[in-house]
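K.L.:
pasting a predicted model and its sequence here:
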Amino acid sequence: MSIRFETVGVEAAHLIAALHATAVDDAWNDLAFAETLGMSGMLACVALESDDNPVGFVLLRKVLDEAEVILVAVDRARRRQGIARRLLTHVLAEHDGLARAYLEVASDNLAAIALYQALGFTEVGRRRGYYKRAAGDPVDAHVMGISLPLPCRAGA
């Protein structure tokens, strides 16, 4: 599968919102992405197939020598094909001068936790009841971090 990566800004808020809607049930709208992408240090990287069809994105905020991964999303129909792994590897390797990266992930999102651990992220904290669910009890967030640059890993 041929995938290329493109860094985009506020002008791509509609594209990213539409892609986010293919990935999750509680997607952000265009305005939320436009406001977020307009923040200092924010960037988005989109994964595009050879026909320019967007299949995933990473939203990241850089502050000094650290990065916070805000969102990672892949079209539901394209999951489990290594797109999220390739996106994260690309965006974290692309930006020189980063010493650490952090992210939060719901404790019940086992596939995402496994991906982040495979990339070398480790749990550095936990936020109890951080994610509020429409039905059911709140879910903890694992706060995960990694030192950069990324180590070379097989299959990355």
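P.N.:
Yes, it's here.

K.L.:
and the residue nearest the centre of the chain, what does it touch?
P.N.:
Taking C-alpha atoms, centre = their mean, the centroid of the chain lies closest to Val72, which sits 2.3 Å from it. Listed by C-beta atoms under 8 Å, 6 or more residues apart in numbering, the contact set of Val72 reads Gly56, Phe57, Val58, Leu59, Ala84, Leu87, Leu88, Leu103, Ala112. Glycine gets a C-beta too; all of them are placed from N, C-alpha and C.

K.L.:
now swap in Ala112 and tell me
P.N.:
Ala112 sits in contact with Val72, Ala84, Val105, Ala106, where contact means C-beta under 8 Å, 6+ apart.

K.L.:
can I assume it sits in a strand?
P.N.:
No - Ala112 is assigned helix when assessed by DSSP: H, G, I helix; E, B strand; the rest coil, not a strand.

K.L.:
what's the spacing between it and Glu66?
P.N.:
Shown here: Ala112 relative to Glu66, a distance of 20 Å by C-beta to C-beta, to the nearest Å.

K.L.:
I'd like the mean pLDDT over the helix or strand that contains Val72, please.
P.N.:
Under the criterion of DSSP states H and E, Val72 resides in strand 66-74. Averaged across strand 66-74, pLDDT comes to 95.

K.L.:
buried set for the very next helix or strand once past it?
P.N.:
As assigned by DSSP H and E, the chain's next helix or strand after strand 66-74 is helix 83-94. In terms of neighbour count (16 or more other C-beta atoms under 10 Å), helix 83-94 has its buried residues at Ile83, Ala84, Arg85, Arg86, Leu87, Leu88, Thr89, His90, Val91, Leu92.

K.L.:
just name the closest of these to Arg126, please.
P.N.:
When the buried residues of helix 83-94 are ranked by distance to Arg126 (C-beta to C-beta), Leu88 comes first, at 21.0 Å.

K.L.:
contact partners for the closest one?
P.N.:
Leu88 sits next to Val58, Val69, Val72, Leu115, Leu119 when contact means C-beta under 8 Å, 6+ apart.

K.L.:
highest neighbour count among these?
P.N.:
Among these, Val58 has the most neighbours (other C-beta atoms under 10 Å), with 24 neighbours.

K.L.:
where does Ile16 sit: helix, strand or coil?
P.N.:
Classification of Ile16 using three-state DSSP returns helix.

K.L.:
distance of it relative to Ser107?
P.N.:
26 Å.
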